[in-house]
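A.B. asks: Turn this into a model:
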Amino acid sequence: MIHKIIITFMLFFLVFGCMSQIVSIEEHTNGMLGHPIHEIQTAMARPSSYASRIDWKETTYPLQNGHWVFVEPEPRCLIHWEVNQEGIIVDFSTKGGSCD
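C.D. replies: This next block holds a predicted model:
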């Protein structure tokens, strides 16, 4: 009996532990504000990243305020990171599809 309880708890923690590692778009975007853009660029360069798997070509564009935008692809949308002259993420917007 005690073995069944232990196994049940182990399965519970395994399942919920794996689920907690999936980060929503909202958590990802809010969590990156104030961070250097190179953190996202480094993550996107990993072979296991979504950007690498779809062979994404780096996309940027300038803004009139002197900042620039770095575009990060996600499975159903694009994140447009606004980056200041020091390379720090100061804002973002999501475009397209379902950015949930």
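
A.B. asks: Contact partners for the residue nearest the centre of the chain?
C.D. replies: Ranked by distance to the mean C-alpha position of the chain (Cα atoms, centre = their mean), the top residue is His28 at 4.6 Å. Counting by Cβ atoms under 8 Å, 6 or more residues apart in numbering, His28 touches Ile79. The way it works is simple: take the backbone N, C-alpha and C, and place the C-beta from them, glycine included.

A.B. asks: Just say helix, strand or coil for Glu72.
C.D. replies: Secondary structure state of Glu72, per DSSP: H, G, I helix; E, B strand; the rest coil, is strand.

A.B. asks: ok so, going back, now find how far off-centre whichever strand or helix holds the residue nearest to the centre of the chain is within its chain.
C.D. replies: Following DSSP states H and E, the helix or strand that holds His28 is helix 25-32. Centroid displacement of helix 25-32 relative to its chain, using Cα atoms, centre = their mean, to the nearest Å, is 7 Å.

A.B. asks: Next secondary structure element downstream of it?
C.D. replies: Heading C-terminal from helix 25-32 (DSSP H and E), you reach helix 37-45.

A.B. asks: Can you list the buried residues in that following helix?
C.D. replies: 37, 40, 44 (16 or more other Cβ atoms under 10 Å).

A.B. asks: Read off the pLDDT value for the nearest residue to Ser93 once chain neighbours are set aside.
C.D. replies: In space, and not counting its chain neighbours, Ser93 is closest to His80: 4.9 Å by Cβ to Cβ, 6 or more residues apart in numbering. The score at His80 is 97. That number is its pLDDT.
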